[in-house]
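*Asks:* make a model of this:
(chains A, B, C and D)
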Amino acid sequence: MSPDARLIDSPFDPSEELRRFAEAHRQSGGIASFIGQVRAEEGEAAVLELELSHYPPLTLPGMRALATEAGQRWPLDGMLLLHRTGSLSPGEPIVLVAAAARHRRDAFLAADFAMDHLKSEAWFWKRERTAAGWHWVEPRAADHADKARWENSPPI
Amino acid sequence: MSPDARLIDSPFDPSEELRRFAEAHRQSGGIASFIGQVRAEEGEAAVLELELSHYPPLTLPGMRALATEAGQRWPLDGMLLLHRTGSLSPGEPIVLVAAAARHRRDAFLAADFAMDHLKSEAWFWKRERTAAGWHWVEPRAADHADKARWENSPPI
Amino acid sequence: MALTLLFLGRLQDAAGGEERTVGYHRDLAALIASLEPELGQALRSDKVRVAVNGVLGVTVLADGDEVAFLPPVSGG
Amino acid sequence: MALTLLFLGRLQDAAGGEERTVGYHRDLAALIASLEPELGQALRSDKVRVAVNGVLGVTVLADGDEVAFLPPVSGG
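*Replies:* Predicted coordinates:
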């Protein structure tokens, strides 16, 4: 399993990426994936712009290490981790994670694991612009609880 | 949440379906999905053809009820359940499940729940043709164990 | 007076076909007892569900009913 | 002799910019102590990680090093 981890600095098409990933893994029974996108909402609290910064010496190596760890935990045929950087508009994709495996549950668990760790361990910082101006997105307690699920008695 | 459940009797493009689903749910933070496909393998045991039969009076109503139940269990913005019928070739998609939600874990859980129930409760029967001829695919014990996860203490 | 029987999944092998027309029986158990012994045994398994005109759990039959025998599923 | 400091995420607000060049200090603690008190306090949080030339956990600095201050992340 050689994972495909990439930072992307302009809009990308997650469905096209998934198409290529599925075509590259025709031997797999299943592909689980997650697309995170900038919520397109109305009203005062709506996000008008999202900015994603990162720390280049650590970010991509950390994503590669995460994909490798997923491949050690579950029998995977492939793993895809794509993450945007820079300025994003409402509706644009932020992240795409996909795992291809012979068995369905391995694919689901690997994608879920990767998302929880991208959220709380990968070297990204988000700030949002709303009508009230810019503010930094702080990590949520739930993000750490989600990651902690994998430590002692991992989900089955 | 009005789910989109469909039976499809000819090859379909899961990535194109996901693109439309994501565009229809721009207000959602995340979309979790699963694509099941006919494994394209080499060798004596390779599947040459897969045939999916169903029982029309129950199959689609059952898929709709499943999507509705997922929407009652988790706050979803949308749910997509597509399932092939008829004759399939290696590499072709069999099933696409996708859940759109404000929060990542709701989307993951709903997609995982829907797949476990499609496997063990939806009215489909598979048979495979290999070099040795046709044989019926029997349900696996793991399929029932996967479904049972949701009954008493559901995954978090 | 007649019934239409549908055999889904691997039951079509036991029945030698997906569909057959048989004489009317008022009762599901009597209908099954009227079939070849091996097929009857396969249909009596508690893993086989029966739908009458698309409805599960019916055991009293009317003339012209469609009776479907549904073995354990394997979709997804 | 100098060090380049990088402030990631919300620390760039505390520092008034993403990057700054300061005089050399051999020791990370001494470097932080040389900064404005409020900024120093923010950097001393045990939630802030430090990377020197891209490596976490280094506390002894060399001339020309790039010292990055990394607050809690919020990706995905």
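
*Asks:* all helices of the chain, in order?
*Replies:* Because you didn't say which chain, this covers chain A. Under the criterion DSSP state H, chain A contains helices at A:14-24, A:56-73, A:104-120, A:141-148.

*Asks:* sorry, I should have been clearer: chain C.
*Replies:* Taking DSSP H as the test, the helices found in chain C are C:11-15, C:28-33, C:37-44.

*Asks:* please identify which of these is closest to chain A.
*Replies:* helix C:11-15 (24.9 Å; Cβ to the nearest Cβ). Backbone N, C-alpha and C define where each C-beta goes, glycine included.

*Asks:* give me the buried positions along that closest one.
*Replies:* Going by neighbour count (16 or more other Cβ atoms under 10 Å in any protein chain shown), the buried part of helix C:11-15 is C:L11, C:Q12, C:A14, C:A15.

*Asks:* could you dump these to a markdown table with pLDDT and distance to A:F108?
*Replies:* Conversion of the buried residues of helix C:11-15 to a markdown table gives the following (pLDDT from 0 to 100; distance: Cβ to Cβ, whole Å):
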| residue | pLDDT | distance to A:F108 |
| --- | --- | --- |
| C:L11 | 97 | 32 |
| C:Q12 | 97 | 33 |
| C:A14 | 95 | 35 |
| C:A15 | 97 | 37 |
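
*Asks:* looking at these, spot the one nearest C:G40.
*Replies:* In terms of Cβ to Cβ, no member of those lies closer to C:G40 than C:A14, at 9.6 Å.

*Asks:* the closest one against C:F7, yeah?
*Replies:* Yes - C:A14 is within contact range of C:F7, at 7.2 Å (criterion: Cβ atoms under 8 Å).

*Asks:* residues from chain C in reach of chain A?
*Replies:* C:G76 (Cβ under 8 Å from any Cβ of the partner chain).

*Asks:* next to chain B, which bits of chain A? Give me the list.
*Replies:* So far as Cβ under 8 Å from any Cβ goes, chain A lies against chain B at A:13-16, A:18-19, A:22, A:26-37, A:39-41, A:90-91, A:93, A:102, A:104-105, A:107-108, A:111-112, A:115, A:119, A:142, A:146, A:149, A:155-156.

*Asks:* buried only: go through those for me.
*Replies:* A:14-15, A:18-19, A:22, A:26-37, A:39, A:90-91, A:93, A:104-105, A:107-108, A:111-112, A:115, A:119, A:146, A:149.

*Asks:* if we check chain C, which of those are in contact?
*Replies:* Near chain C, by the rule Cβ under 8 Å from any Cβ, you find A:R104 out of these.

*Asks:* who wins for proximity to D:S45 among the helices of chain C?
*Replies:* If we rank the helices of chain C by Cβ to Cβ, the stretch that ends up nearest is helix C:11-15, at 67.0 Å.

*Asks:* name the helices or strands packed onto the closest one?
*Replies:* Counting contacts by 3 or more Cβ pairs under 8 Å, 6 or more residues apart in numbering or on different chains; DSSP states H and E, helix C:11-15 packs against strand C:2-7, helix C:37-44.

*Asks:* right, so these: which one is the most enclosed?
*Replies:* strand C:2-7 (a mean of 19; mean count of other Cβ atoms under 10 Å in any protein chain shown).

*Asks:* which secondary structure elements does it contact?
*Replies:* Strand C:2-7 packs on helix C:11-15, strand C:19-23, strand C:66-70, going by 3+ Cβ pairs under 8 Å, 6+ apart.

*Asks:* how far off centre is it?
*Replies:* 7 Å (Cα atoms, centre = their mean, to the nearest Å).

*Asks:* using CSV, write out every CA atom in that strand.
*Replies:* Taking Å, rounded to 0.1, in the frame of the first residue of the first chain, the C-alpha atoms of strand C:2-7 are listed here in CSV:
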residue,chain,number,x,y,z
ALA,C,2,-54.2,-21.0,-8.8
LEU,C,3,-51.3,-19.5,-7.0
THR,C,4,-48.1,-18.1,-8.5
LEU,C,5,-44.9,-19.1,-6.6
LEU,C,6,-41.7,-17.0,-6.8
PHE,C,7,-38.4,-18.5,-5.7
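
*Asks:* return the nearest residue of chain A with respect to chain C.
*Replies:* A:R104 (7.7 Å).
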